[in-house]
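S.K.: Structural data only, the sequence is not supplied:
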């Protein structure tokens, strides 16, 4: 007898429905076809034990299972439950009249309990698109899938519950979530707050500008100056995520199995990979491509601490994603594109010893050593970072001061106001939402300068020997400063402040 059960394969951040055709006939043998990987081929052992421990069995007949489309690679252990229900239905051990109305996924333990799967959210979205009535999956992933409206989501703990649902009509508990309510509940509670940071007003100002325009930023300073502390607090002043951004971000984290009980992500991601990371782990890829750190930080912040310690080839592969805000992984038979619209925050010491060219420093480095250390970062990569700023240690008077600094909530209000101005400005453009994303054509249109400002910028360009890309960066940052002041035009003081934030371009900054 032939029975069809429906599962799903996640490809990139999108899901594709997989039809599992189970045919039980006279004879002997178990044949699984349709490009399954080793984890799926081994599933017959898990299924056999799970069924036996729950009073059922794999029939001693000829079983042929085809996973269609047969030319699409299937991977992982999430098809165990799909295959098991298909075998039971095809061998008439259970009734399964409504089998075609549900999408079923789950990994089986030997006792029949279900283990969590990856990609529950994109699978649920696909199930709703294709008109399935419900989605049956492990209880650990139920909250994540229940984000999707107009789809019945059933979280189950054991295969016995699924068998009784189809065979005896016993009801499964439907998981319901008010997506918007859940999303808004956790929206305004940042873990880290700028009120914790003593002093560093100029650096906070830089962070505010970076957040307002979505600009990449690099912090240069000695150990203990507060670079990491400042970077960790940047997500707390970024505008709250929209529901669309939250869904997009949760989909990516779902694919790598990082969501589970959390449901919809409401806080912007903050990723801080170690400097020993490989280029595949950073940008994504592998035999079966997975999102890398730059995609996991989509709509959030990617923090690279001690930038010169990263391998040069790892940093260079970030160039294209920084410009295009997506990363494309190509293989011989397929191409996968992951979104990667993130803010890059990097920090670095100015020298191998960690200190500026200061005779009073615990470890001194000569200007030549400092230059050699800085040269580990390529010019083209630095050109893609809009703001370079020096971070100096906080004096004791500031550290011991009891005065509470401005909170992230207050800074976020100004940032959100500036972002709203930019949203209105770029409403006719699909791929531009804030100043850092402006193309050259848009820069010319929205960053027009008067003669005095133009002369100021020309002098800075000539003295600092800036590239054309650095010229564009200065104009973008100046536009953001103007937006924070709610100024329609870019003025001379906005240009002069933006020029200050190109520390690594200034002659003599080494001291």
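M.R.: Great, that's in hand. Source: prediction; values computed, not measured.

S.K.: From now on I want contacts and neighbour counts done on CA atoms only, so please keep to that.
M.R.: OK.

S.K.: Buried ones in stretch 376-387, by neighbour count?
M.R.: Within stretch 376-387, the residues that count as buried by 16 or more other C-alpha atoms under 10 Å are 377, 382, 383, 384, 385, 386, 387.

S.K.: got the contact list for stretch 196-207?
M.R.: Stretch 196-207 has contacts (C-alpha atoms under 8 Å, 6 or more residues apart in numbering) with 229, 230, 234, 387, 389, 391, 394, 398, 399, 401, 404, 405.

S.K.: Could I get those residues in CSV, plus columns for secondary structure and pLDDT?
M.R.: Formatted as CSV, these follow (DSSP: H, G, I helix; E, B strand; the rest coil; pLDDT from 0 to 100):
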residue, secondary structure, pLDDT
229, helix, 91
230, helix, 92
234, helix, 93
387, strand, 93
389, strand, 90
391, coil, 88
394, coil, 83
398, helix, 75
399, helix, 74
401, coil, 75
404, coil, 79
405, coil, 81
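
S.K.: Most neighbours out of those, which is it?
M.R.: Highest neighbour count within the contacts of stretch 196-207: residue 387, with 28 neighbours (other C-alpha atoms under 10 Å).

S.K.: Please report the distance of residue 433 from residue 59.
M.R.: According to C-alpha to C-alpha, to the nearest Å, residue 433 and residue 59 sit 58 Å apart.

S.K.: An error on my part: the question was meant for residue 471.
M.R.: 72 Å.

S.K.: Give me the buried stretch members for the lowest-mean-pLDDT helix or strand in the chain, please.
M.R.: Every helix and strand of the chain was ranked by mean pLDDT, DSSP states H and E. The lowest is helix 179-185, at a mean of 72. For helix 179-185, the neighbour count (16+ other C-alpha under 10 Å) marks 179, 183 as buried.

S.K.: just stretch 131-141 next, same as before
M.R.: Quick answer for stretch 131-141 (16+ other C-alpha under 10 Å): 132, 133, 134, 135, 136, 137, 138, 139, 140, 141.

S.K.: so the last one makes contact with residue 117?
M.R.: Spelled out, that is residue 141. Yes: the pair residue 141 and residue 117 passes the contact test of C-alpha atoms under 8 Å, sitting 7.1 Å apart.

S.K.: Nearest residue to residue 390 in space, ignoring adjacent ones along the chain?
M.R.: residue 220 (4.7 Å; C-alpha to C-alpha, 6 or more residues apart in numbering).

S.K.: Beta-bridge partners for the one you found, please?
M.R.: On DSSP bridges, the residues paired with residue 220 through beta bridges are residue 348, residue 390.

S.K.: follow-up on the earlier one: and the least confident helix or strand of the chain, what other elements does it pack with?
M.R.: Applying 3 or more C-alpha pairs under 8 Å, 6 or more residues apart in numbering; DSSP states H and E, we find helix 179-185 packed against no helix or strand.

S.K.: Please report the distance of the residue nearest to residue 215 when sequence neighbours are not counted from residue 313.
M.R.: Counting by C-alpha to C-alpha, 6+ apart, the nearest residue to residue 215 once its immediate chain neighbours are dropped is residue 436, at 5.3 Å. Distance check for residue 436 against residue 313: by C-alpha to C-alpha, it reads 25 Å.

S.K.: out of the two, which sits in the busier spot?
M.R.: residue 436 (24 against 10).

S.K.: Distance check, the more buried one against residue 416.
M.R.: 15 Å.

S.K.: same check, this time on residue 367
M.R.: 41 Å.

S.K.: what do you get for residue 266?
M.R.: 16 Å.

S.K.: The two - which one has more neighbours?
M.R.: Using other C-alpha under 10 Å as the criterion, residue 266 and residue 416 rank with residue 266 on top: 24 against 18.

S.K.: Hmm, the residue nearest to residue 390 is touching residue 350, no?
M.R.: Yes: counting by C-alpha under 8 Å, residue 350 is a contact partner of residue 220 at 6.1 Å.

S.K.: To what extent is residue 79 buried, counted in neighbours?
M.R.: Residues near residue 79, counting by other C-alpha under 10 Å: 26.

S.K.: Please apply the same query to residue 408.
M.R.: So residue 408, with other C-alpha under 10 Å, has 21 neighbours.

S.K.: Could you verify my assumption that it touches residue 194?
M.R.: Yes: between residue 408 and residue 194 there is a contact under C-alpha under 8 Å: 5.1 Å.

S.K.: Any regions of this protein where pLDDT drops low?
M.R.: Counting by pLDDT under 70, the chain contains low-confidence residues at 185-190, 260-262, 356-361, 505-511.

S.K.: Tell me which residue is most central in it.
M.R.: Geometric centre of the chain, nearest residue: residue 296, 2.4 Å, by C-alpha atoms, centre = their mean.

S.K.: Give me the phi and psi angles of that one.
M.R.: Backbone torsions of residue 296, given as degrees, to the nearest 10, read phi -70, psi -20.

S.K.: any idea how far residue 137 is from residue 84?
M.R.: Distance from residue 137 to residue 84, by C-alpha to C-alpha: 13 Å.

S.K.: cool, and residue 335?
M.R.: 32 Å.

S.K.: distance between the ends of stretch 133-144?
M.R.: 17 Å.

S.K.: switch to numbering from 399
M.R.: Renumbered: residue one is now 399, and that last one reads stretch 531-542.

S.K.: Residue 623 is in contact with residue 752, correct?
M.R.: No: with contact defined as C-alpha under 8 Å, residue 752 does not reach residue 623; the gap is 10.7 Å.
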